[in-house]
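Trainee: sequence unknown, structure follows:
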């Protein structure tokens, strides 16, 4: 559940950044041309504004789809090593645009963009508290739903498989005679009642 929680927090932070950037751009005056003076965006053209809004909507939809697919993927991962690798791979998906920008965009364009002053937003204490509470509620709801619908049934199936392979009578050994191609079984003593349980036994309980 911890990797799923971290993934959801990552996606919620991404969605929050999308909405904040949309709010910031909406505060900039719109006109026919984009005007930048002294590293301040004084106005933005209607075409740039529409393109920015469309891209942010597309990014929000992608975040929603990745949230659902990521929870499904992580919940159905059995190995701890694969779980860590899958979580890292999912986190790298949303950084593709930044990687492409840093690797392919000319430095002459990167520097002016990085030097632009941030647009100031009015952020009240009440709004900040409501956003934090809403994100906590969404994360709790998704974690609870994914555990009940995905993780718990998977855990029950794995326990059922364990009972099939490891349950029942175990006081015997099975061997094969290569020369005669016959199998032989021998009864063994029940050592579980006379020996102390090991750490491996506790881990597989």
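Mentor: All right, it came through fine. Bear in mind that the values here come from a model prediction, so they are computed numbers and not experimental data. Numbering: from 1, shown residues only.
Trainee: hey, where'd the strands end up in this structure?
Mentor: Using DSSP state E, the strands of the chain run over residues 29-31, 35-37, 40-45, 172-177, 182-187.
Trainee: what lines up beside the fourth one in the sheet?
Mentor: In this case it means strand 172-177. When sheet partners are counted by DSSP bridges, strand 172-177 sits next to strand 182-187 (antiparallel).
Trainee: contacts for the strand it pairs with?
Mentor: Judged by CB atoms under 8 Å, 6 or more residues apart in numbering, the contacts made with strand 182-187 from elsewhere in the structure are 171, 172, 173, 174, 175, 176, 177. In short, each C-beta sits where N, CA and C put it, glycine included.
Trainee: measure the fifth one to residue 35 for me?
Mentor: Translated: residue 175. Distance from residue 175 to residue 35, counting by CB to CB, to the nearest Å: 86 Å.
Trainee: what does the pLDDT read for residue 50?
Mentor: pLDDT for residue 50: 91.
Trainee: how near is it to residue 139?
Mentor: Between residue 50 and residue 139 the distance, using CB to CB, works out to 32 Å.
Trainee: which stretches of this protein form helices?
Mentor: Taking DSSP state H as the test, the helices found in the chain are 2-26, 46-75, 80-93, 96-104, 107-114, 125-146, 152-166, 199-203.
Trainee: how about a markdown table for these, with distance to residue 40 and mean neighbour count added?
Mentor: Listed next are these as a markdown table, based on distance: least, CB to CB, whole Å; neighbours: other CB atoms under 10 Å:
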| stretch | distance to residue 40 | mean neighbour count |
| --- | --- | --- |
| helix 2-26 | 13 | 16 |
| helix 46-75 | 16 | 15 |
| helix 80-93 | 33 | 13 |
| helix 96-104 | 21 | 9 |
| helix 107-114 | 12 | 9 |
| helix 125-146 | 25 | 12 |
| helix 152-166 | 53 | 11 |
| helix 199-203 | 60 | 8 |
